[in-house]
Each structure stands twice: as C-alpha cells, then as structure tokens.
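Participant: sharing a sequence plus its predicted fold:
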Amino acid sequence: MRHHIFSILMVALAMTVSCKDRKNVQDFEAVTPLDSIYCRDPFIVADKATKTYYLFKSSTTDEGLGGVVVMKSKDLKMWSEPQRVFTVPEDNFNTGPVWAPEVHEYKGAWYLFATLNTDRKFAESVDGWPAFTYRGTQIFRSESLEGPFLPLGKDLTTPKEWMALDGTLWVEDGVPHMIFCHEWVQVKDGTFEVMPLKDDLSAAAGAPKTIFTASQGPWANSISEWTEPDGTKIPAYVSDGNFVYKTKDGTLLILWSSFKNGKYCVAISRSASGKLAGPWTCDPEPIFEEDGGHPMVFKDFDGNLKLVFHQPNSGHSHPVILPLEDTGNSLVIKK
C-alpha cells in the first residue's frame, strides 16, 4: 500500500513539474513597444498552442556570424527581450548577415527561410555597377518556434551564382515551392521566381521559373540605370519581399515591394489561373506607398487579418501592423 501511495505521489510530482515547465516556456516579460524595435523585414507567427505571437528578426552575433532572434508578445503591442534561435554555422557556405527571416510550419516541424549574405565576389563590377556577391536563401529546421534552427545542408537552396533573396514557402497540390526574388543588382529588372523543393525541403527539386518582373508594376519606378557599351540606358527595378496569400474565393496573390516616386511600397500581383504558374498581372496601384514595405500577412487570435511590414525603409525601421480585409478576390487595408 505504501509503495502504491508513493507511486501516486511521484506521478503527481512529475505532472506538477511538467506543467510548471510548460508554463515557464510560455512565461516572459513584455518590455518593449513595437515601434521601439529596430527591425527590417519583420515576420510574425501566431502560435495557437500557446496564444503567443513570435516576431522573427535578423541579428548578427558579436563574432560577425549571421543569425536570427525572436521576440514574443501576447497583445502585439509589448514584446519580450530578443532570444537567439539561430546562428549561421561557421562552416556554412555563406556566414554573413541574415536578411528576411521567415518561419513556416510544414509537416509537423518549423522551417526557417533565411537570406544569407557574404562579401565574397563571383563577378567584378563593370562601369561602376555593383559587383556580384554570393547571396541566396537557405532553409533550416527546428522542432520548436524557439529553436535552435539547424541546417539541412551547407549550401544555398537558391542557385549559387544568382543574387537571390527573400525566399518564402508555398505548398501547391502537395508540392512545396520556394518563391524568391532574383536581385535587380544582377538582372536589372528584378524578377519573381518559383522553384519546386524536395519533399523534405532539403534542396531544390527543379529549376526556377520567372513568373513576373518588378517593371510589370505599372506604378513602379526605376531606381538606377545600367549603361550598355553602345550607350543605351537600361532602367533597374527592385523586386523585393514576396509573400503568397490565397483569398477566401481562391484568388492567388503575391504581395511584394518596390519603389513608387522614390518611396518603398506594398503592391499586389494576382494569378489568373489561381496557380503559381500564372499568368500574373500586377494591380494598377500599391495598397500602401508611404515608404514602408516587405509585407507578410497573418491572423490574430480573434481571427482578424493583419498586414505586417517595416517602415520607414531607411533610418530606424520598425514593424508596422495594420488591419487588413480579405474582400474575396483581393486585400485592402482597413481605414
């Protein structure tokens, strides 16, 4: 009998410790207002299991290795101190600063899509145009939103000698795809590319295909010019910050950023077929054009749709969260 009572007490104690541990994972002190957070390319995950919002942002280590931290919130207003969830391994192909970290749930795990940079060149500059350096998106995996995120390999997932950035995940007909930007620095008219991935996201499963270019935005302005040997001027257009969203009536959209009248903005393109292959058309005007961009969309715990981006594009960039409405075939910012 004593043994039986002792066993019950031990089980109860274990359950108490387990509950306490789970509680500690969720407990944190929110000390920082959203507009005080320095952050470019913000990405927010609303974790239903813990009713906690996770804000992922870039953070380079003191040793110069690229990395990502997460900040947590219960109300989207006040946020915890940053907690490191990823550091680029020292033996990785690219180890420099991380841009545009995104975290997606896929098949029971969490996957970090991170744009990794380096100052190593693979082509020299010509006539003052920037040199080509290794830049691309790589994928990392974790069992938890709080990391650590570990590499699936040592190489970039995007083509190695493409200046590529801002990879995001979209699963179509059961097949995972990465949608990313081919950098304007390399191709002048920045493109949006779609590329199938292996089922475990460990590598590309096919070649990328261009679905549209930045200049197809009828409002888009060139930010620079490339001069050909014969003197011809070729305008350069920025492609940036793509995020895929399907509306409640099944319209497939890509939100993205470029420049209008010198200001960073948020625009929408739409697929006529409802598939990644398109064809894609760009809406006549951006939905936001006050020097803010690199958008993403999520739902809060009350089911309200939110648009997130950074503003301003230079200086003290910080996350901005605005109410968004799904009108059936598009998205509009609520007044």
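Facilitator: In hand now; what should we look at? Numbers count the residues shown, from 1 in each chain.
Participant: quick one: residue 310 and residue 317 touch, right?
Facilitator: Yes. Counting by Cβ atoms under 8 Å, residue 310 does reach residue 317; the two are 4.3 Å apart. For the C-beta atoms, the positions are set from N, CA and C on the backbone; glycine is no exception.
Participant: and for those two, which residues touch both?
Facilitator: 39-40 (Cβ atoms under 8 Å, 6 or more residues apart in numbering).
Participant: who has more neighbours, these two?
Facilitator: Between residue 310 and residue 317, residue 310 has the larger neighbour count (other Cβ atoms under 10 Å), namely 25 against 22.
Participant: ok, what's across the strand from that one?
Facilitator: Judged by DSSP bridges, the bridge partners of residue 310 are residue 293, residue 319.
Participant: with residue 67 instead?
Facilitator: Going by DSSP bridges, residue 67 forms beta bridges with residue 87.
Participant: which residues in the stretch 201-335 of the chain form strands?
Facilitator: 209-213, 224-227, 233-236, 240-246, 252-260, 263-271, 280-282, 293-299, 305-311, 318-326, 331-333 (DSSP state E, counting those that start in this stretch).
Participant: the last one pairs with which strands?
Facilitator: Using DSSP bridges, the neighbouring strands of strand 331-333 in the sheet come out as strand 318-326 (antiparallel).
Participant: and the angle from the partner strand to strand 263-271?
Facilitator: 30 degrees (axes from the mean of the first three to the mean of the last three Cα atoms, to 10 degrees).
Participant: what angle sits between the host helix or strand of residue 167 and strand 252-260?
Facilitator: According to DSSP states H and E, residue 167 maps onto strand 164-172. Computed by the same axes, to 10 degrees, the angle separating strand 164-172 from strand 252-260 equals 160 degrees.
Participant: buried residues, the helix or strand hosting residue 119. List them.
Facilitator: Using DSSP H and E, residue 119 falls within strand 109-123. Using 16 or more other Cβ atoms under 10 Å as the test for burial, strand 109-123 gives 110-118.
Participant: what's that strand packed up against?
Facilitator: When contacts are defined as 3 or more Cβ pairs under 8 Å, 6 or more residues apart in numbering; DSSP states H and E, strand 109-123 sits against strand 83-87, strand 98-106, strand 132-142, strand 164-172.
Participant: can you do 7 Å?
Facilitator: When contacts are defined as 3 or more Cβ pairs under 7 Å, 6 or more residues apart in numbering; DSSP states H and E, strand 109-123 packs onto strand 98-106, strand 132-142, strand 164-172.
Participant: number of nearby residues for the closest residue to residue 127 other than its chain neighbours?
Facilitator: Leaving aside its sequence neighbours, residue 127 sits nearest to residue 227 (Cβ to Cβ, 6 or more residues apart in numbering; 6.2 Å). Residues contacting residue 227 under the criterion other Cβ under 10 Å number 13.
Participant: swap in the one 3 residues further on?
Facilitator: Residues lying near residue 230 (other Cβ under 10 Å) number 5.
Participant: do the one 5 residues further on as well
Facilitator: Residues contacting residue 235 under the criterion other Cβ under 10 Å number 15.
Participant: check contacts around it.
Facilitator: 222, 225 (Cβ atoms under 7 Å, 6 or more residues apart in numbering).
Participant: just to revisit the earlier point, what lies in contact with the strand holding residue 119?
Facilitator: Contacting residues not belonging to strand 109-123 are listed as 66, 68, 86, 88, 94-104, 131-145, 149, 156, 161, 165-169, 201 [Cβ under 7 Å, 6+ apart].
Participant: average pLDDT for it?
Facilitator: For strand 109-123, mean pLDDT is 95.
Participant: tell me the contacts of the closest residue in space to residue 117 that isn't next to it in sequence?
Facilitator: Closest residue in space to residue 117, ignoring its immediate chain neighbours: residue 96 at 4.1 Å, by Cβ to Cβ, 6+ apart. Contact analysis of residue 96 by Cβ under 7 Å, 6+ apart lists 66, 116-119.
Participant: return the helix or strand in this structure with minimum mean pLDDT.
Facilitator: Ranked by mean pLDDT, DSSP states H and E, the weakest helix or strand in the chain is helix 2-26, scoring a mean of 40.
Participant: any idea which helix or strand comes after that helix?
Facilitator: strand 32-33.
Participant: so which elements touch the helix or strand following that next one?
Facilitator: Of the helices and strands lying after strand 32-33 in sequence (DSSP H and E), the nearest is strand 43-47. Strand 43-47 sits against strand 52-58, strand 98-106, strand 293-299, with contacts defined as 3+ Cβ pairs under 7 Å, 6+ apart.
Participant: could you dump the ones you listed into CSV and include mean neighbour count?
Facilitator: Formatted as CSV, those follow (neighbours: other Cβ atoms under 10 Å):
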stretch, mean neighbour count
strand 52-58, 22
strand 98-106, 21
strand 293-299, 22
